[in-house]
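Novice: the following block contains a protein sequence and its predicted model.
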Amino acid sequence: HVTEGPAYGVALMAAVGAGLYDTVAEACAATIKPMDVQQPDPAHKAIYDQYYQVYTSLYPALKERFHQVAGLVRQYQ
């Protein structure tokens, strides 16, 4: 049972890098097991809709910054 998803993902990628698994997909298939399914609360739909509206506006607003970050990653790899 893992509660720290991002840290677990990094650990899986490290396991692939160390040769324990050939691919990230293989590492995930071998180690991640479905648990409880989370369902949205229909009573909160109006709130979810507001968050989604903000979320959908983020990518266009940040698209150029994402390209800049990708360029830096390529530059320093």
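Specialist: Yep, that arrived.
Novice: tell me the SS of the residue lying farthest from the centre of the chain?
Specialist: Residue farthest from the centre of the chain, counting by C-alpha atoms, centre = their mean, is residue 43 at 26.5 Å. Following DSSP: H, G, I helix; E, B strand; the rest coil, the label given to residue 43 is helix.
Novice: so which helix or strand takes in residue 26?
Specialist: helix 24-31 (DSSP states H and E).
Novice: give the next helix or strand downstream of that helix.
Specialist: In N-to-C order, the element after helix 24-31 by DSSP H and E is helix 45-76.
Novice: how far off centre is that next one?
Specialist: Computed by C-alpha atoms, centre = their mean, to the nearest Å, the chain-centroid distance of helix 45-76 equals 13 Å.
Novice: from residue 36, how far out is the residue farthest from the centre of the chain?
Specialist: 19 Å (C-beta to C-beta, to the nearest Å). Just so you know, the C-beta spots here come from the backbone N, C-alpha and C atoms, and that holds for glycine as well.
Novice: again with residue 52
Specialist: For residue 52 relative to residue 36 (C-beta to C-beta), the value is 23 Å.
Novice: the more surrounded of the two?
Specialist: Neighbour count, other C-beta atoms under 10 Å: between residue 52 and residue 36, residue 52 has more, with 10 against 5.
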